[in-house]
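Peer 1: All I have is the shape, not the residue letters:
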């Protein structure tokens, strides 16, 4: 398992490097995230969500390959100009452009005909689909945890570090279930499970009490914010 986590962390470091160093990668990632959220808002079916995910992933993968090729090309020729290296960089950048155009057309075809321009139409759809709000709350929760870990430059994004991701997700689920059901018994049982999850992170020595508390607060506030904004 140590080898597995080491491999996953190495892969995530590659993604983080691209997000830190490449402005276009950040723009593609943010655009893809909001388009995906829009697809969830508009109640796209499974096949449409898969197409949307494929288009977004295709752009991100193309941008990462472009970044790797640029680094390799710069290492080979250093600061000297070489016409062949220019062609290599132009072709790799062109691949990203083609992928971005494909994603734009795909997103437009899938989302444009679902947009309800009438006042309140979008919010009505959200209210009629509670699982959408829960999914968005989970995405915001996980994204917030990863963002804090990236800013703090934690060595591992999946295990340990500030804040505790498991605790954050557990308490985000508790808040989501509590607000959706409005049932004290169900809310209490889910809260108990969330506390047990948070306690297990401390008992196994993966997180300190402050990391767990921070995770609980991030998760609960993320879910609460999503529900307050959307409902």
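Peer 2: It's in. All figures in this text were calculated on a predicted structure; none of them were measured in a lab.

Peer 1: what's the helix or strand for the most centrally placed residue in the chain?
Peer 2: Nearest to the geometric centre of the chain sits residue 143, at 5.0 Å (Cα atoms, centre = their mean). Using DSSP states H and E, residue 143 sits within helix 130-151.

Peer 1: Report the rounded mean pLDDT for that helix.
Peer 2: For helix 130-151, mean pLDDT is 69.

Peer 1: Give me the packing partners of the next helix or strand after it, helices and strands only.
Peer 2: Counting by DSSP H and E, the next helix or strand C-terminal to helix 130-151 is helix 165-181. In this structure, helix 165-181 makes packing contacts with helix 130-151, helix 184-203, helix 209-230, judged by 3 or more Cβ pairs under 8 Å, 6 or more residues apart in numbering; DSSP states H and E. Using the backbone N, CA and C atoms, a C-beta is placed for each residue, glycine as well.

Peer 1: what distance separates stretch 14-27 from the centre of its chain?
Peer 2: Between the centre of stretch 14-27 and the centre of its chain there are 14 Å (Cα atoms, centre = their mean, to the nearest Å).

Peer 1: buried residues in it?
Peer 2: Buried residues in stretch 14-27, counted by 16 or more other Cβ atoms under 10 Å: 16, 18, 19, 22, 25.

Peer 1: can you tell me which of those residues lies nearest to residue 199?
Peer 2: Nearest to residue 199 among the buried residues of stretch 14-27: residue 16, at 29.7 Å, using Cβ to Cβ.

Peer 1: any idea of the pLDDT on the closest one?
Peer 2: 78.

Peer 1: Please tell me how far it sits from residue 176.
Peer 2: 28 Å (Cβ to Cβ, to the nearest Å).

Peer 1: residues of the longest helix that the chain contains that come out buried?
Peer 2: Secondary structure of the chain per DSSP state H: the longest helix is helix 46-77. Residues of helix 46-77 classed as buried: 48, 51-52, 55-56, 58-60, 62-64, 66-67, 69-70, 73 (neighbour count, 16+ other Cβ under 10 Å).

Peer 1: Show the subsequent helix or strand relative to it.
Peer 2: helix 83-111.

Peer 1: helices and strands around that following helix, which ones?
Peer 2: Against helix 83-111 (3+ Cβ pairs under 8 Å, 6+ apart) you get helix 23-41, helix 46-77.
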